[in-house]
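# Need coordinates for the below:
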Amino acid sequence: MAQDLRPGGPAAARPGDLPIVAFDFDGTLTVRDSFTAFLRWRAGPVRYLAGFVRLAPAALAYLVHRDRGRIKAAAAREYLSGVPRRDLAAEAGEFAERFAPSLLRPDAVAAWERWRREPVRLVIVTASPELTVAPFAEALGADGLLGTRLAFDAQDRVTGAFEGLNCRGPEKVERLTAAFGPNLRLRAAYGDTAGDREMLAMAEEPGYRVFVGEP
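Numbers count the residues shown, from 1 in each chain. Below is the predicted model:
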């Protein structure tokens with residue numbers, strides 16, 4: 001299911017059969033990859049550089065397998081392993097509060113707000129971790145969030161693995177269908193990479209790289 005961002009609020013009052021408008025996050029609503037920016041901010045320059053060096057073998061392997069999920073999981077292991085969920089959520093909230101003005105595209109946010117006046121449900125569908133995107137989604141008033149899910153151990157600490165697949169490509173369609181049913185109506189969808197192709201293909205109104213605004 002989609003992460004319910006506003007339980008009991010306006011989203012909960014919307015009829016369940018409303019069509020969906022889906023926005024990719026990184027590069028679509030934002031000007032750059034938010035997860036990389038979060039990791040860099042959280043680690044600080046020295047720790048981030050040291051981790052970057054240790055990730056060199058994973059980066060070289062990526063040139064062969066081209067699996068973005070594997071390189072993302074390697075980064076999560078390097079920078080986040082052992083971090084309690086509560087602490088990570090608090091840090092994600094601080095990051096969003098501080099950097100949303102410099103990350104969010106103004107024309108994308110304007111389009112989001114135009115759709116908010118329509119009888120639709122606005123959902124963010126992203127390859128970035130749900131936990132780090134959630135504060136942005138909440139601030140935007142999203143009706144749902146579908147993203148990559150970090151795995152946590154019995155002590156509720158990040159393991160560095162994912163729960164399920166990287167939310168990219170066909171997985172975006174799988175997650176939308178699982179959340180809203182096989183007969184969902186995707187009124188519009190916006191994305192900026194090949195990882196959004198399948199989601200855009202099922203939309204009545206696909207938007208590929210339509211947002212170019214800078215904060």
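
# CA atoms for contacts and neighbours, from now on please.
Fine.

# buried residues in the helix or strand hosting V109?
V109 belongs to helix 106-116 when elements are defined using DSSP states H and E. Judged by neighbour count using 16 or more other C-alpha atoms under 10 Å, the buried positions of helix 106-116 are P106, D107, A108, V109, W112, R116.

# What is the three-state secondary structure of V212?
coil (DSSP: H, G, I helix; E, B strand; the rest coil).

# Show the contacting residues for it.
Shown in contact with V212 (C-alpha atoms under 8 Å, 6 or more residues apart in numbering): R105, D107.

# how much space is there between it and F99?
Note on V212: its distance to F99, by C-alpha to C-alpha, to the nearest Å, is 18 Å.

# With R70 instead?
As defined by C-alpha to C-alpha, R70 lies at a distance of 26 Å from F99.

# Likewise for L176?
L176 is 28 Å from F99, by C-alpha to C-alpha.

# Equivalent analysis for G169, please.
Distance, G169 to F99, using C-alpha to C-alpha: 27 Å.

# The two - which one has more neighbours?
More neighbours surround G169 than the other of G169 and F99, with 18 against 15 (other C-alpha atoms under 10 Å).

# just checking, the more buried one touches M199?
Yes: the pair G169 / M199 is scored as a contact, 7.4 Å apart, by C-alpha atoms under 8 Å.

# element containing the residue at minimal distance from the centre of the chain, please.
The residue lying closest to the centre of the chain (C-alpha atoms, centre = their mean) is T126, at 3.2 Å. Using DSSP H and E, T126 maps to strand 121-129.

# Between helix 106-116 and that strand, find me the angle.
Between the axes of strand 121-129 and helix 106-116, defined by axes from the mean of the first three to the mean of the last three C-alpha atoms, to 10 degrees, the angle is 140 degrees.

# Spell out which strands sit alongside strand 121-129 in the sheet and which way each one runs.
Strand 121-129 pairs in its sheet with strand 20-23 (parallel), strand 144-148 (parallel), by DSSP bridges.

# Save those as a markdown table, and put in mean neighbour count, distance to A75 and mean pLDDT too.
Shown next, in a markdown table, are these (neighbours: other C-alpha atoms under 10 Å; distance: least, C-alpha to C-alpha, whole Å; pLDDT from 0 to 100):
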| stretch | mean neighbour count | distance to A75 | mean pLDDT |
| --- | --- | --- | --- |
| strand 20-23 | 25 | 24 | 98 |
| strand 144-148 | 26 | 14 | 97 |
